[in-house]
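*Asks:* I'll drop the sequence and a predicted model, then ask my questions.
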Amino acid sequence: MAPSPTGDPHVGTAYVALFNRVFARQHGGKFVLRIEDTDQSRSSTESEQAIFSSLGWLGLTWDEGPDVGGPMGPYRQSERTAIYREHIQMLLDNGHAYRCFATAEELAEMRAHQKANKLQLRYDRRHRELSKEEIERRLAEGQDYVVRLKMPEDGATTFTDGLRGEITIQNEEIDDQILLKSDGFPTYHLANVVDDHLMEISHVIRAEEWIPSTPKHVELYRAFGWEPPQFIHLPLLRNEDKSKISKRKNPVSLEYYERVGILPEALRNFLGRMGWSMPDESEKFSLDEMEANFTWAKMGLGGPIFDLKKLDWLNGLYIRELGPEALVDRLMGWRIHREALLELAPLIIERIERLEDVIPMTSYFFGDDFTLDDPQALIPKKRDKLSTYRAVKSLTEAIDNTHPWNAETIEATLRGQCEALEWSPRDLFMPTRLIVTGRKATPPLFETMEALGKARVQARMRASLKVLKP
RNA sequence: GGGGCGUUAGUCUAGUGGUUAGGACACUGGCCUCUCACGCCGGUAUCACGGGUUCGAGUCCCGUACGCCCUACCA
(Lines give C-alpha, C1' and ligand atoms only; values in the text may rest on other atoms or scores of the structure.)
Protein backbone atom coordinates (compact mmCIF):
# COMPACT_ATOMS: atom_id res chain seq x y z
CA MET A 1 0.00 0.00 0.00
CA ALA A 2 1.73 3.11 -1.15
CA PRO A 3 -0.30 6.29 -1.14
CA SER A 4 1.17 9.68 -1.85
CA PRO A 5 0.50 12.28 0.81
CA THR A 6 -1.10 14.89 -1.38
CA GLY A 7 -4.40 16.37 -0.38
CA ASP A 8 -7.00 14.71 1.77
CA PRO A 9 -7.04 10.93 2.21
CA HIS A 10 -9.14 9.45 -0.50
CA VAL A 11 -11.77 6.77 -0.55
CA GLY A 12 -9.85 5.15 -3.44
CA THR A 13 -6.83 4.88 -1.18
CA ALA A 14 -8.95 3.10 1.40
CA TYR A 15 -10.31 0.79 -1.30
CA VAL A 16 -6.85 -0.29 -2.41
CA ALA A 17 -5.69 -0.54 1.21
CA LEU A 18 -8.58 -2.82 2.08
CA PHE A 19 -7.79 -5.36 -0.62
CA ASN A 20 -4.08 -5.18 0.09
CA ARG A 21 -4.64 -5.82 3.74
CA VAL A 22 -7.17 -8.56 3.33
CA PHE A 23 -4.98 -10.39 0.85
CA ALA A 24 -1.81 -9.98 2.92
CA ARG A 25 -3.49 -11.09 6.13
CA GLN A 26 -5.11 -14.06 4.50
CA HIS A 27 -1.75 -15.32 3.37
CA GLY A 28 0.03 -14.57 6.60
CA GLY A 29 1.94 -11.82 4.84
CA LYS A 30 2.75 -8.31 5.90
CA PHE A 31 0.67 -5.34 4.94
CA VAL A 32 3.10 -2.54 4.35
CA LEU A 33 2.39 1.16 4.25
CA ARG A 34 4.90 3.16 2.28
CA ILE A 35 4.56 6.88 1.81
CA GLU A 36 5.31 7.98 -1.74
CA ASP A 37 6.27 11.56 -1.18
CA THR A 38 8.49 12.08 -4.17
CA ASP A 39 6.55 15.04 -5.46
CA GLN A 40 8.12 17.81 -3.45
CA SER A 41 5.61 20.43 -4.42
CA ARG A 42 2.47 18.45 -3.64
CA SER A 43 3.41 16.31 -0.67
CA SER A 44 2.86 17.43 2.87
CA THR A 45 3.35 15.98 6.31
CA GLU A 46 -0.19 16.97 7.28
CA SER A 47 -1.48 14.87 4.49
CA GLU A 48 0.70 12.00 5.65
CA GLN A 49 -0.68 12.37 9.16
CA ALA A 50 -4.16 12.43 7.74
CA ILE A 51 -3.49 9.16 5.91
CA PHE A 52 -2.41 7.55 9.16
CA SER A 53 -5.46 8.73 11.01
CA SER A 54 -8.00 8.04 8.28
CA LEU A 55 -6.75 4.56 7.56
CA GLY A 56 -6.53 4.01 11.30
CA TRP A 57 -10.10 5.19 11.73
CA LEU A 58 -11.13 2.67 9.11
CA GLY A 59 -9.32 -0.04 11.02
CA LEU A 60 -7.03 -0.84 8.11
CA THR A 61 -3.91 -0.99 10.20
CA TRP A 62 -0.53 -1.85 8.74
CA ASP A 63 2.22 -4.15 9.91
CA GLU A 64 5.08 -1.99 8.71
CA GLY A 65 5.15 1.70 7.96
CA PRO A 66 6.80 5.01 8.69
CA ASP A 67 5.06 5.37 12.02
CA VAL A 68 5.37 1.79 13.27
CA GLY A 69 8.71 0.97 11.71
CA GLY A 70 9.75 -2.41 10.40
CA PRO A 71 12.77 -4.23 9.00
CA MET A 72 12.55 -2.74 5.51
CA GLY A 73 12.62 0.94 6.36
CA PRO A 74 12.70 3.76 5.87
CA TYR A 75 9.11 3.68 4.69
CA ARG A 76 9.04 7.20 3.40
CA GLN A 77 10.45 7.67 -0.07
CA SER A 78 11.81 11.11 0.68
CA GLU A 79 14.15 9.38 3.11
CA ARG A 80 15.39 6.95 0.50
CA THR A 81 16.85 9.34 -2.05
CA ALA A 82 20.37 7.95 -1.65
CA ILE A 83 19.04 4.52 -2.56
CA TYR A 84 17.46 5.84 -5.73
CA ARG A 85 20.57 7.73 -6.76
CA GLU A 86 22.61 4.60 -6.30
CA HIS A 87 20.20 2.60 -8.42
CA ILE A 88 19.94 5.21 -11.12
CA GLN A 89 23.71 5.05 -11.39
CA MET A 90 23.49 1.29 -11.89
CA LEU A 91 21.12 1.86 -14.78
CA LEU A 92 23.28 4.58 -16.26
CA ASP A 93 26.28 2.28 -16.03
CA ASN A 94 24.64 -0.71 -17.59
CA GLY A 95 23.12 1.31 -20.40
CA HIS A 96 19.45 0.87 -19.47
CA ALA A 97 19.00 4.54 -18.77
CA TYR A 98 20.35 7.79 -20.11
CA ARG A 99 20.41 11.48 -19.33
CA CYS A 100 18.09 13.82 -21.14
CA PHE A 101 18.84 17.53 -21.05
CA ALA A 102 15.68 18.72 -22.71
CA THR A 103 13.97 21.47 -20.75
CA ALA A 104 10.33 21.41 -19.82
CA GLU A 105 9.66 24.18 -22.36
CA GLU A 106 11.46 22.26 -25.03
CA LEU A 107 9.32 19.22 -24.34
CA ALA A 108 6.13 21.24 -24.30
CA GLU A 109 7.07 22.61 -27.69
CA MET A 110 7.78 19.14 -28.97
CA ARG A 111 4.38 17.96 -27.78
CA ALA A 112 2.63 20.92 -29.33
CA HIS A 113 4.27 20.14 -32.63
CA GLN A 114 3.29 16.48 -32.39
CA LYS A 115 -0.25 17.42 -31.60
CA ALA A 116 -0.47 19.91 -34.46
CA ASN A 117 0.76 17.31 -36.90
CA LYS A 118 -1.34 14.55 -35.39
CA LEU A 119 1.71 12.56 -34.51
CA GLN A 120 2.09 10.20 -31.57
CA LEU A 121 2.48 12.15 -28.37
CA ARG A 122 5.75 10.80 -27.22
CA TYR A 123 9.24 11.86 -26.25
CA ASP A 124 11.20 11.87 -29.48
CA ARG A 125 14.29 10.39 -27.85
CA ARG A 126 16.39 13.33 -28.93
CA HIS A 127 19.00 12.72 -26.27
CA ARG A 128 18.94 8.95 -26.27
CA GLU A 129 22.17 8.59 -28.17
CA LEU A 130 24.16 11.59 -27.03
CA SER A 131 27.89 11.06 -27.25
CA LYS A 132 29.98 10.76 -24.14
CA GLU A 133 31.67 14.06 -24.94
CA GLU A 134 28.36 15.81 -25.46
CA ILE A 135 27.09 14.57 -22.12
CA GLU A 136 30.28 15.61 -20.39
CA ARG A 137 30.08 19.02 -21.98
CA ARG A 138 26.50 19.64 -20.93
CA LEU A 139 27.23 18.33 -17.45
CA ALA A 140 30.21 20.63 -17.18
CA GLU A 141 28.01 23.50 -18.27
CA GLY A 142 25.78 22.65 -15.37
CA GLN A 143 22.75 21.86 -17.50
CA ASP A 144 19.83 20.31 -15.69
CA TYR A 145 18.89 16.85 -16.76
CA VAL A 146 16.53 14.01 -16.07
CA VAL A 147 17.29 10.33 -16.39
CA ARG A 148 15.12 8.29 -18.70
CA LEU A 149 14.57 4.59 -19.11
CA LYS A 150 15.89 3.23 -22.38
CA MET A 151 13.01 1.13 -23.61
CA PRO A 152 13.66 -1.47 -26.28
CA GLU A 153 12.73 -0.07 -29.69
CA ASP A 154 10.91 -3.14 -30.88
CA GLY A 155 9.34 -6.27 -29.57
CA ALA A 156 6.65 -6.28 -26.95
CA THR A 157 6.37 -6.57 -23.20
CA THR A 158 4.03 -9.09 -21.70
CA PHE A 159 3.09 -9.35 -18.08
CA THR A 160 0.48 -11.21 -16.14
CA ASP A 161 -2.20 -9.33 -14.35
CA GLY A 162 -3.61 -11.43 -11.55
CA LEU A 163 -7.16 -10.63 -12.57
CA ARG A 164 -6.97 -10.19 -16.32
CA GLY A 165 -4.32 -12.67 -17.38
CA GLU A 166 -1.62 -11.81 -19.88
CA ILE A 167 -1.41 -8.27 -21.13
CA THR A 168 0.90 -7.45 -24.01
CA ILE A 169 1.92 -3.99 -25.07
CA GLN A 170 4.16 -3.19 -28.02
CA ASN A 171 7.40 -1.61 -26.88
CA GLU A 172 7.17 1.03 -29.56
CA GLU A 173 4.08 2.31 -27.76
CA ILE A 174 6.02 2.97 -24.61
CA ASP A 175 7.75 6.19 -23.79
CA ASP A 176 11.26 6.49 -22.46
CA GLN A 177 9.93 7.18 -19.00
CA ILE A 178 11.57 9.76 -16.80
CA LEU A 179 12.99 7.94 -13.79
CA LEU A 180 14.83 10.71 -12.04
CA LYS A 181 13.57 14.27 -12.10
CA SER A 182 15.90 17.23 -12.40
CA ASP A 183 15.34 17.99 -8.74
CA GLY A 184 17.05 14.70 -7.96
CA PHE A 185 13.88 12.97 -6.82
CA PRO A 186 12.72 9.79 -8.49
CA THR A 187 9.42 9.47 -10.26
CA TYR A 188 6.86 6.92 -9.14
CA HIS A 189 8.15 4.37 -11.61
CA LEU A 190 11.70 4.19 -10.36
CA ALA A 191 10.94 4.57 -6.67
CA ASN A 192 8.16 2.05 -6.81
CA VAL A 193 10.19 -0.64 -8.52
CA VAL A 194 13.29 -0.13 -6.41
CA ASP A 195 11.36 -0.07 -3.16
CA ASP A 196 9.12 -2.97 -4.01
CA HIS A 197 12.17 -5.06 -4.73
CA LEU A 198 14.16 -3.92 -1.72
CA MET A 199 11.19 -4.28 0.57
CA GLU A 200 10.49 -7.72 -0.83
CA ILE A 201 7.00 -6.89 -1.91
CA SER A 202 5.47 -10.02 -3.40
CA HIS A 203 2.19 -8.59 -4.70
CA VAL A 204 1.61 -5.19 -6.15
CA ILE A 205 -2.09 -4.52 -5.70
CA ARG A 206 -2.92 -1.14 -7.13
CA ALA A 207 -5.51 0.63 -9.26
CA GLU A 208 -6.20 -0.15 -12.88
CA GLU A 209 -4.87 3.19 -14.05
CA TRP A 210 -1.39 1.69 -13.72
CA ILE A 211 -1.83 -1.00 -16.33
CA PRO A 212 -0.49 1.07 -19.22
CA SER A 213 2.74 1.82 -17.38
CA THR A 214 3.34 -1.67 -16.06
CA PRO A 215 5.57 -2.59 -19.03
CA LYS A 216 7.88 0.20 -17.94
CA HIS A 217 8.07 -1.40 -14.54
CA VAL A 218 8.65 -4.84 -16.00
CA GLU A 219 11.44 -3.39 -18.12
CA LEU A 220 12.93 -1.79 -15.03
CA TYR A 221 12.96 -5.07 -13.15
CA ARG A 222 14.66 -6.60 -16.14
CA ALA A 223 17.19 -3.79 -16.31
CA PHE A 224 18.10 -4.41 -12.69
CA GLY A 225 18.10 -8.15 -13.18
CA TRP A 226 15.31 -8.60 -10.65
CA GLU A 227 12.31 -10.86 -10.55
CA PRO A 228 9.12 -8.81 -10.90
CA PRO A 229 6.36 -9.23 -8.32
CA GLN A 230 2.81 -10.29 -9.06
CA PHE A 231 0.71 -7.48 -10.45
CA ILE A 232 -2.93 -7.17 -9.58
CA HIS A 233 -4.88 -4.20 -10.83
CA LEU A 234 -8.09 -3.30 -9.08
CA PRO A 235 -10.94 -1.67 -10.97
CA LEU A 236 -11.32 2.06 -10.55
CA LEU A 237 -14.12 3.41 -8.37
CA ARG A 238 -16.42 5.62 -10.42
CA ASN A 239 -18.65 8.65 -10.17
CA GLU A 240 -22.25 8.37 -11.21
CA ASP A 241 -21.28 9.32 -14.76
CA LYS A 242 -18.72 6.49 -14.77
CA SER A 243 -15.66 8.70 -14.77
CA LYS A 244 -12.92 7.95 -12.27
CA ILE A 245 -14.17 8.94 -8.83
CA SER A 246 -13.33 12.57 -8.11
CA LYS A 247 -14.07 15.24 -5.58
CA ARG A 248 -15.85 17.38 -8.09
CA LYS A 249 -18.59 14.81 -8.40
CA ASN A 250 -18.52 12.85 -5.17
CA PRO A 251 -17.44 13.24 -1.60
CA VAL A 252 -14.15 11.39 -1.75
CA SER A 253 -12.37 12.32 1.41
CA LEU A 254 -12.47 9.77 4.20
CA GLU A 255 -12.86 12.64 6.61
CA TYR A 256 -16.21 13.38 5.05
CA TYR A 257 -17.56 9.94 5.79
CA GLU A 258 -16.30 10.07 9.33
CA ARG A 259 -17.85 13.48 9.76
CA VAL A 260 -21.29 12.57 8.51
CA GLY A 261 -21.35 9.57 10.77
CA ILE A 262 -20.62 6.63 8.56
CA LEU A 263 -19.33 3.82 10.75
CA PRO A 264 -15.87 2.62 9.77
CA GLU A 265 -16.98 -1.00 9.69
CA ALA A 266 -19.81 -0.04 7.34
CA LEU A 267 -17.53 1.83 4.98
CA ARG A 268 -15.07 -1.06 4.99
CA ASN A 269 -17.87 -3.48 4.28
CA PHE A 270 -19.21 -1.30 1.51
CA LEU A 271 -15.80 -0.95 -0.09
CA GLY A 272 -15.42 -4.70 0.11
CA ARG A 273 -18.60 -5.05 -1.95
CA MET A 274 -17.21 -2.91 -4.72
CA GLY A 275 -16.12 -5.39 -7.32
CA TRP A 276 -16.07 -8.24 -4.88
CA SER A 277 -18.63 -10.50 -3.29
CA MET A 278 -18.77 -13.12 -0.57
CA PRO A 279 -19.19 -16.71 -1.75
CA ASP A 280 -22.76 -16.69 -0.43
CA GLU A 281 -23.26 -13.15 -1.66
CA SER A 282 -24.06 -11.76 1.73
CA GLU A 283 -24.19 -7.99 1.79
CA LYS A 284 -23.04 -7.54 5.32
CA PHE A 285 -19.75 -8.96 6.49
CA SER A 286 -16.89 -8.07 8.77
CA LEU A 287 -13.24 -7.62 7.91
CA ASP A 288 -12.50 -11.00 9.45
CA GLU A 289 -15.19 -12.65 7.41
CA MET A 290 -13.87 -11.01 4.29
CA GLU A 291 -10.38 -12.25 5.09
CA ALA A 292 -11.64 -15.75 5.72
CA ASN A 293 -13.48 -15.88 2.42
CA PHE A 294 -11.34 -13.76 0.20
CA THR A 295 -10.40 -14.91 -3.27
CA TRP A 296 -9.53 -13.01 -6.43
CA ALA A 297 -11.86 -15.30 -8.33
CA LYS A 298 -14.78 -13.36 -6.89
CA MET A 299 -13.40 -10.07 -8.10
CA GLY A 300 -15.17 -8.36 -10.98
CA LEU A 301 -13.47 -6.08 -13.45
CA GLY A 302 -16.05 -3.43 -14.23
CA GLY A 303 -15.49 -0.11 -12.50
CA PRO A 304 -18.10 0.07 -9.75
CA ILE A 305 -20.03 3.26 -9.18
CA PHE A 306 -19.83 4.53 -5.63
CA ASP A 307 -23.48 4.52 -4.56
CA LEU A 308 -24.03 6.62 -1.43
CA LYS A 309 -27.57 5.33 -1.02
CA LYS A 310 -26.46 1.80 -0.54
CA LEU A 311 -23.73 2.89 1.83
CA ASP A 312 -26.39 4.62 3.94
CA TRP A 313 -28.54 1.52 3.96
CA LEU A 314 -25.61 -0.63 5.06
CA ASN A 315 -24.63 1.90 7.69
CA GLY A 316 -28.18 1.75 9.03
CA LEU A 317 -27.86 -1.99 9.35
CA TYR A 318 -24.74 -1.59 11.44
CA ILE A 319 -26.30 1.09 13.59
CA ARG A 320 -29.34 -1.03 14.40
CA GLU A 321 -27.12 -3.92 15.28
CA LEU A 322 -25.33 -1.73 17.80
CA GLY A 323 -28.29 -1.44 20.14
CA PRO A 324 -28.99 1.67 22.24
CA GLU A 325 -26.03 1.35 24.60
CA ALA A 326 -23.41 0.97 21.95
CA LEU A 327 -25.09 3.61 19.83
CA VAL A 328 -24.68 6.13 22.60
CA ASP A 329 -21.04 5.17 22.88
CA ARG A 330 -20.60 5.71 19.18
CA LEU A 331 -22.36 9.04 19.36
CA MET A 332 -20.01 10.12 22.09
CA GLY A 333 -17.05 8.90 20.13
CA TRP A 334 -18.28 10.83 17.13
CA ARG A 335 -19.27 14.45 17.79
CA ILE A 336 -21.33 14.39 20.94
CA HIS A 337 -18.45 14.75 23.29
CA ARG A 338 -16.86 17.35 25.47
CA GLU A 339 -14.15 18.47 23.05
CA ALA A 340 -16.54 18.92 20.17
CA LEU A 341 -18.99 20.86 22.29
CA LEU A 342 -16.15 22.89 23.67
CA GLU A 343 -15.34 23.93 20.16
CA LEU A 344 -18.90 25.14 19.66
CA ALA A 345 -19.47 26.72 23.04
CA PRO A 346 -17.46 29.90 22.47
CA LEU A 347 -19.33 30.45 19.22
CA ILE A 348 -22.77 30.32 20.76
CA ILE A 349 -22.41 31.44 24.32
CA GLU A 350 -23.27 35.04 23.52
CA ARG A 351 -26.14 34.05 21.37
CA ILE A 352 -28.27 31.88 23.63
CA GLU A 353 -30.61 32.65 26.51
CA ARG A 354 -31.75 29.22 27.43
CA LEU A 355 -29.74 26.05 27.27
CA GLU A 356 -32.30 24.64 24.89
CA ASP A 357 -31.35 27.28 22.34
CA VAL A 358 -28.19 25.32 21.78
CA ILE A 359 -29.97 22.64 19.85
CA PRO A 360 -31.35 24.66 16.95
CA MET A 361 -28.33 26.91 17.03
CA THR A 362 -25.86 24.12 16.50
CA SER A 363 -27.85 21.65 14.47
CA TYR A 364 -26.05 22.42 11.24
CA PHE A 365 -22.74 21.49 12.83
CA PHE A 366 -23.95 17.96 13.25
CA GLY A 367 -25.77 17.30 10.05
CA ASP A 368 -27.36 18.69 6.96
CA ASP A 369 -30.42 20.28 8.53
CA PHE A 370 -31.20 22.40 5.49
CA THR A 371 -31.25 22.15 1.76
CA LEU A 372 -30.25 24.72 -0.75
CA ASP A 373 -32.67 25.02 -3.59
CA ASP A 374 -33.09 28.68 -4.35
CA PRO A 375 -30.09 30.05 -6.23
CA GLN A 376 -31.51 33.57 -5.98
CA ALA A 377 -30.95 33.60 -2.25
CA LEU A 378 -27.23 33.17 -2.81
CA ILE A 379 -26.79 35.97 -5.30
CA PRO A 380 -25.73 39.27 -3.77
CA LYS A 381 -27.36 42.50 -4.85
CA LYS A 382 -25.83 43.92 -8.01
CA ARG A 383 -24.38 40.55 -9.00
CA ASP A 384 -25.83 37.89 -11.19
CA LYS A 385 -26.12 34.15 -11.13
CA LEU A 386 -23.24 33.46 -13.44
CA SER A 387 -20.74 35.63 -11.61
CA THR A 388 -21.90 34.16 -8.31
CA TYR A 389 -21.42 30.71 -9.70
CA ARG A 390 -17.93 31.57 -10.81
CA ALA A 391 -17.09 33.16 -7.49
CA VAL A 392 -18.34 30.17 -5.51
CA LYS A 393 -16.51 27.83 -7.82
CA SER A 394 -13.28 29.71 -7.40
CA LEU A 395 -13.76 29.77 -3.65
CA THR A 396 -14.48 26.06 -3.59
CA GLU A 397 -11.19 25.32 -5.28
CA ALA A 398 -9.38 27.68 -2.94
CA ILE A 399 -10.92 25.84 0.00
CA ASP A 400 -9.71 22.53 -1.40
CA ASN A 401 -6.21 23.92 -1.19
CA THR A 402 -6.52 25.36 2.28
CA HIS A 403 -4.15 23.55 4.64
CA PRO A 404 -4.25 23.28 7.52
CA TRP A 405 -7.88 23.92 8.31
CA ASN A 406 -8.31 26.62 10.91
CA ALA A 407 -9.91 30.03 11.27
CA GLU A 408 -6.75 31.88 10.25
CA THR A 409 -6.14 29.93 7.06
CA ILE A 410 -9.82 30.06 6.22
CA GLU A 411 -9.86 33.80 6.65
CA ALA A 412 -6.80 34.09 4.46
CA THR A 413 -8.50 32.02 1.79
CA LEU A 414 -11.73 33.98 1.91
CA ARG A 415 -10.03 37.35 1.88
CA GLY A 416 -7.67 36.22 -0.82
CA GLN A 417 -10.66 35.26 -2.91
CA CYS A 418 -12.25 38.66 -2.33
CA GLU A 419 -9.19 40.24 -3.84
CA ALA A 420 -8.79 37.80 -6.65
CA LEU A 421 -12.44 38.08 -7.61
CA GLU A 422 -12.71 41.76 -6.79
CA TRP A 423 -15.69 41.02 -4.62
CA SER A 424 -16.32 42.82 -1.36
CA PRO A 425 -16.14 40.68 1.77
CA ARG A 426 -19.81 41.40 2.27
CA ASP A 427 -20.72 40.07 -1.14
CA LEU A 428 -18.63 36.94 -0.81
CA PHE A 429 -19.13 36.11 2.84
CA MET A 430 -22.90 36.15 2.90
CA PRO A 431 -23.42 33.55 0.19
CA THR A 432 -20.68 31.49 1.76
CA ARG A 433 -22.41 31.67 5.11
CA LEU A 434 -25.68 30.63 3.53
CA ILE A 435 -24.05 27.77 1.70
CA VAL A 436 -22.26 26.28 4.68
CA THR A 437 -24.85 26.90 7.38
CA GLY A 438 -28.14 27.46 5.62
CA ARG A 439 -28.61 30.57 7.75
CA LYS A 440 -28.14 34.29 7.39
CA ALA A 441 -27.22 34.76 11.02
CA THR A 442 -24.47 32.62 12.49
CA PRO A 443 -21.42 32.92 14.67
CA PRO A 444 -18.35 34.37 12.93
CA LEU A 445 -17.86 32.72 9.60
CA PHE A 446 -14.24 31.56 9.79
CA GLU A 447 -14.63 29.94 13.20
CA THR A 448 -17.89 28.41 12.08
CA MET A 449 -16.25 26.91 9.03
CA GLU A 450 -13.42 25.58 11.10
CA ALA A 451 -15.83 23.87 13.45
CA LEU A 452 -17.86 22.54 10.58
CA GLY A 453 -14.80 20.74 9.30
CA LYS A 454 -13.26 20.98 5.90
CA ALA A 455 -14.94 17.92 4.44
CA ARG A 456 -18.41 19.10 5.27
CA VAL A 457 -17.70 22.61 4.01
CA GLN A 458 -16.41 21.17 0.76
CA ALA A 459 -19.48 19.02 0.38
CA ARG A 460 -21.80 21.96 0.94
CA MET A 461 -19.85 24.21 -1.39
CA ARG A 462 -20.17 21.62 -4.12
CA ALA A 463 -23.83 21.11 -3.44
CA SER A 464 -24.37 24.84 -3.92
CA LEU A 465 -22.46 24.70 -7.17
CA LYS A 466 -25.07 22.30 -8.46
CA VAL A 467 -27.80 24.75 -7.54
CA LEU A 468 -26.01 27.71 -9.09
CA LYS A 469 -24.82 25.94 -12.16
CA PRO A 470 -25.87 27.90 -15.25
C1' G B 1 -4.98 10.93 -32.52
C1' G B 2 -2.41 6.40 -30.35
C1' G B 3 -2.42 2.42 -26.77
C1' G B 4 -4.69 -0.40 -22.90
C1' C B 5 -8.75 -2.19 -19.97
C1' G B 6 -13.76 -3.01 -19.46
C1' U B 7 -19.44 -3.92 -20.57
C1' U B 8 -25.55 -8.86 -16.45
C1' A B 9 -31.89 -4.04 -14.51
C1' G B 10 -30.93 3.15 -12.60
C1' U B 11 -26.88 1.14 -8.98
C1' C B 12 -23.85 -3.05 -6.38
C1' U B 13 -23.56 -8.01 -7.82
C1' A B 14 -24.45 -14.02 -8.53
C1' G B 15 -23.71 -16.79 -12.73
C1' U B 16 -17.36 -20.52 -15.28
C1' G B 17 -22.41 -24.07 -22.11
C1' G B 18 -28.48 -26.48 -20.50
C1' U B 19 -31.46 -21.62 -14.63
C1' U B 20 -38.68 -19.30 -15.50
C1' A B 21 -31.01 -15.32 -15.41
C1' G B 22 -30.66 -15.45 -8.52
C1' G B 23 -29.72 -11.71 -4.41
C1' A B 24 -29.12 -6.50 -2.58
C1' C B 25 -29.81 -0.93 -2.98
C1' A B 26 -33.17 2.44 -5.21
C1' C B 27 -38.29 2.76 -6.89
C1' U B 28 -43.13 0.75 -5.94
C1' G B 29 -47.82 -2.19 -3.77
C1' G B 30 -49.18 -4.33 0.82
C1' C B 31 -48.68 -6.14 6.04
C1' C B 32 -47.21 -4.47 10.96
C1' U B 33 -48.53 0.24 13.41
C1' C B 34 -51.13 6.32 16.77
C1' U B 35 -47.36 8.53 12.80
C1' C B 36 -42.65 7.77 10.77
C1' A B 37 -38.81 4.53 10.51
C1' C B 38 -37.35 -0.52 11.23
C1' G B 39 -39.02 -5.37 10.00
C1' C B 40 -41.85 -8.78 6.89
C1' C B 41 -44.43 -10.21 2.14
C1' G B 42 -45.00 -8.86 -3.08
C1' G B 43 -44.07 -5.94 -7.85
C1' U B 44 -41.56 -3.23 -12.08
C1' A B 45 -36.93 -3.60 -14.53
C1' U B 46 -31.17 -6.71 -16.94
C1' C B 47 -27.38 -10.35 -20.20
C1' A B 48 -24.59 -3.38 -25.31
C1' C B 49 -25.00 -4.95 -30.61
C1' G B 50 -23.79 -8.27 -34.83
C1' G B 51 -21.68 -12.60 -36.54
C1' G B 52 -19.66 -17.41 -35.55
C1' U B 53 -18.60 -22.31 -32.69
C1' U B 54 -22.30 -25.72 -30.55
C1' C B 55 -27.92 -30.00 -30.28
C1' G B 56 -27.79 -25.68 -26.92
C1' A B 57 -24.39 -19.29 -25.36
C1' G B 58 -25.01 -14.16 -20.40
C1' U B 59 -21.19 -17.86 -20.34
C1' C B 60 -16.34 -19.72 -25.76
C1' C B 61 -14.26 -17.03 -30.50
C1' C B 62 -14.31 -12.75 -33.89
C1' G B 63 -16.01 -7.96 -35.11
C1' U B 64 -18.66 -3.39 -33.90
C1' A B 65 -20.47 0.14 -30.50
C1' C B 66 -20.07 2.46 -26.03
C1' G B 67 -17.52 3.68 -21.45
C1' C B 68 -13.20 4.36 -18.76
C1' C B 69 -7.88 4.78 -17.96
C1' C B 70 -2.99 6.09 -19.76
C1' U B 71 -0.55 9.14 -23.27
C1' A B 72 3.22 14.90 -17.09
C1' C B 73 10.16 16.40 -14.56
C1' C B 74 1.59 13.79 -10.71
C1' A B 75 0.99 9.56 -8.58
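*Replies:* Right, received. Where do you want to start? Numbers count the residues shown, from 1 in each chain, chains lettered A, B, ... in the order given.
*Asks:* Sort out which residues of stretch A:222-237 are buried, please.
*Replies:* Within stretch A:222-237, the residues that count as buried by 16 or more other C-beta atoms under 10 Å are A:223, A:224, A:228, A:229, A:231, A:232, A:233, A:234, A:235, A:236, A:237. Using the backbone N, CA and C atoms, a C-beta is placed for each residue, glycine as well.
*Asks:* Relative to RNA strand B, how far out is the nearest residue to residue A:469 once chain neighbours are set aside?
*Replies:* For residue A:469, ignoring the flanking residues on the chain, the nearest one in space by C-beta to C-beta, 6 or more residues apart in numbering is residue A:389 at 6.4 Å. Distance, residue A:389 to RNA strand B, by C-beta to the nearest atom of the strand, to the nearest Å: 23 Å.
*Asks:* Residue A:389 against residue A:466, yeah?
*Replies:* No - Residue A:389 sits out of contact with residue A:466 when judged by C-beta atoms under 8 Å, with a separation of 10.3 Å.
*Asks:* which ones are touching residue A:187?
*Replies:* A:38, A:177, A:178, A:179, A:180, A:181 (C-beta atoms under 8 Å, 6 or more residues apart in numbering).
*Asks:* Neighbours of the fifth one, how many?
*Replies:* What it means is residue A:180. 26 (other C-beta atoms under 10 Å).
*Asks:* Quick check: residue A:4 is in a strand.
*Replies:* No - counting by DSSP: H, G, I helix; E, B strand; the rest coil, residue A:4 is not part of a strand but coil.
*Asks:* Touching, it and residue A:37? I think so.
*Replies:* Yes - using C-beta under 8 Å, residue A:4 is in contact with residue A:37, at 6.3 Å.
*Asks:* For the residue lying closest to residue A:406 once chain neighbours are set aside, what is the enclosing helix or strand?
*Replies:* Leaving aside its sequence neighbours, residue A:406 sits nearest to residue A:450 (C-beta to C-beta, 6+ apart; 5.4 Å). Element membership for residue A:450, per DSSP states H and E: helix A:445-452.
*Asks:* List the buried residues in the helix or strand of chain A with the lowest mean pLDDT.
*Replies:* The least trusted helix or strand in chain A, going by mean pLDDT, DSSP states H and E, turns out to be helix A:104-116, with a mean of 88. Across helix A:104-116, burial judged by 16+ other C-beta under 10 Å covers A:107, A:110.
*Asks:* After it, which helix or strand is next?
*Replies:* Note on helix A:104-116: by DSSP H and E, the next helix or strand toward the C-terminus is helix A:132-140.
*Asks:* Mind jotting down where the strands sit in chain A?
*Replies:* A:97-100, A:146-149, A:156-161, A:165-170, A:178-180, A:203-207, A:230-234 (DSSP state E).
*Asks:* Could you check how far the nearest residue to residue A:458 once chain neighbours are set aside is from residue A:80?
*Replies:* Counting by C-beta to C-beta, 6+ apart, residue A:458 lies nearest to residue A:399, which is 6.2 Å off, once chain neighbours are set aside. Using C-beta to C-beta, to the nearest Å, residue A:399 is found at 33 Å from residue A:80.
*Asks:* if we can go back for a sec, so who does the residue nearest to residue A:469 touch?
*Replies:* Neighbouring residues of residue A:389 by C-beta under 8 Å, 6+ apart: A:465, A:468, A:469, A:470.
*Asks:* Good, we can wrap up now.
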